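Undergrad: Everything below, folded, please.
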Amino acid sequence: MIENLTSKGLSIESDSFQVIEGLLKGRSFSAEELQVVMRVIHATGDPEYEELMELHPGAIDAALKAIKEGRDILVDVKMVESGISKKILDDFGGKTICLISDDNVIETAKADGKTRAEAAMEKAAESGRGIGIVAIGNAPTALLKVMEMVDNGIFMPDLIIGVPVGFIMAEESKAELMKKDYPFISCRGRKGGSSVAVAALNALLRIARSNTPA
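TA: Have a look, this model is predicted:
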């Protein structure tokens, strides 16, 4: 996280972003959208994300609203949770929620024949927590379940970051998300993963911090 970088580390990060700027092909993004895309490229080392990333026109505004209101971030796996810049999130009053290892979630998944990721999303939605952003980096079943609950009017996050990686239902679940008229951040194809979800989240947290009066 940037808060823990030494001056040398900050210099390397700055140089890295200059290199990334030189690799961009000029796809049209707003300045804030570009910050998200560039941080994803930085985290993955893959300039192809300039072409793969898709952001709903209302995604940035929805994210900033949720962050500044201190709403929580629901994630599918611990790897996403561990990478989020907690210091910035704490400053706004939000917290992370990850229920993938919750005992009740594990029992429910076994009893109902669901994945733990599905059961975790259901439990989080049912709890009535103040969830503003859902970030899914690994589990397509979690993304599909979240969309189902939103479509049925039983879950209303401000933003869905859906970037599951893999060969089974990952591409299809993201394609379905990109058809929605509510705010999302996603990427086309099989690529994605925890690093992409974390990079997008941290970019949004930094944007929120940078345009909030001290």
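
Undergrad: Have a look at this protein and report its longest strand.
TA: strand 131-136 (DSSP state E).

Undergrad: Could you list the paired strands of it along with their orientation?
TA: Strands that pair with strand 131-136, judged by DSSP bridges, come out as strand 72-75 (parallel), strand 159-162 (parallel).

Undergrad: now for the very next helix or strand once past the last one, which elements pack on it?
TA: Secondary structure here is assigned by DSSP states H and E; on that basis, the next helix or strand after strand 159-162 toward the C-terminus is helix 170-177. Using 3 or more C-beta pairs under 8 Å, 6 or more residues apart in numbering; DSSP states H and E as the contact criterion, the secondary-structure elements in contact with helix 170-177 are helix 140-151, strand 159-162, strand 184-187. In this view, the C-beta of every residue, glycine as well, is placed from N, C-alpha and C.

Undergrad: Ok, which of these comes nearest Tyr49?
TA: For those, the distance to Tyr49 is smallest for strand 184-187, at 6.5 Å, taking C-beta to C-beta.

Undergrad: Does anything pack onto the helix or strand that comes right after the closest one? Which helices or strands?
TA: Using DSSP H and E, the helix or strand that directly follows strand 184-187 along the chain is helix 194-210. Judged by 3+ C-beta pairs under 8 Å, 6+ apart, helix 194-210 is in contact with helix 31-44, helix 59-68, helix 78-83, helix 86-92, strand 131-136, strand 159-162.

Undergrad: next one: the fourth one to chain centre, how far?
TA: The reference is to helix 86-92. 16 Å (C-alpha atoms, centre = their mean, to the nearest Å).

Undergrad: next one: the shortest one
TA: Averaged C-alpha coordinates place strand 159-162 at 6 Å from its chain's average position (C-alpha atoms, centre = their mean).

Undergrad: likewise the third one?
TA: Helix 78-83 has its average C-alpha position 11 Å from the chain's average C-alpha position, going by C-alpha atoms, centre = their mean.

Undergrad: CA atoms of it as PDB?
TA: The C-alpha trace of helix 78-83 is given here as PDB (Å, rounded to 0.1, in the frame of the first residue of the first chain):
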ATOM      1  CA  LYS A  78      -9.700 -13.100   1.800                       C
ATOM      2  CA  MET A  79      -7.100 -12.300  -0.900                       C
ATOM      3  CA  VAL A  80      -9.200  -9.300  -2.000                       C
ATOM      4  CA  GLU A  81      -9.800  -8.200   1.600                       C
ATOM      5  CA  SER A  82      -6.100  -8.400   2.500                       C
ATOM      6  CA  GLY A  83      -5.100  -6.100  -0.400                       C
END
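
Undergrad: What mean pLDDT does that helix get?
TA: Across helix 78-83, the average pLDDT comes to 97.

Undergrad: Show me what the helix or strand bottoming out on mean pLDDT in the chain is packed against.
TA: Least confident helix or strand of the chain, by mean pLDDT, DSSP states H and E, is helix 7-23 with a mean of 82. Helix 7-23 sits against helix 31-44, with contacts defined as 3+ C-beta pairs under 8 Å, 6+ apart.

Undergrad: Helix or strand next in line after the helix it packs on, which one?
TA: helix 49-52.

Undergrad: mind listing what's buried in that following helix?
TA: Tyr49, Glu50, Leu52 (16 or more other C-beta atoms under 10 Å).
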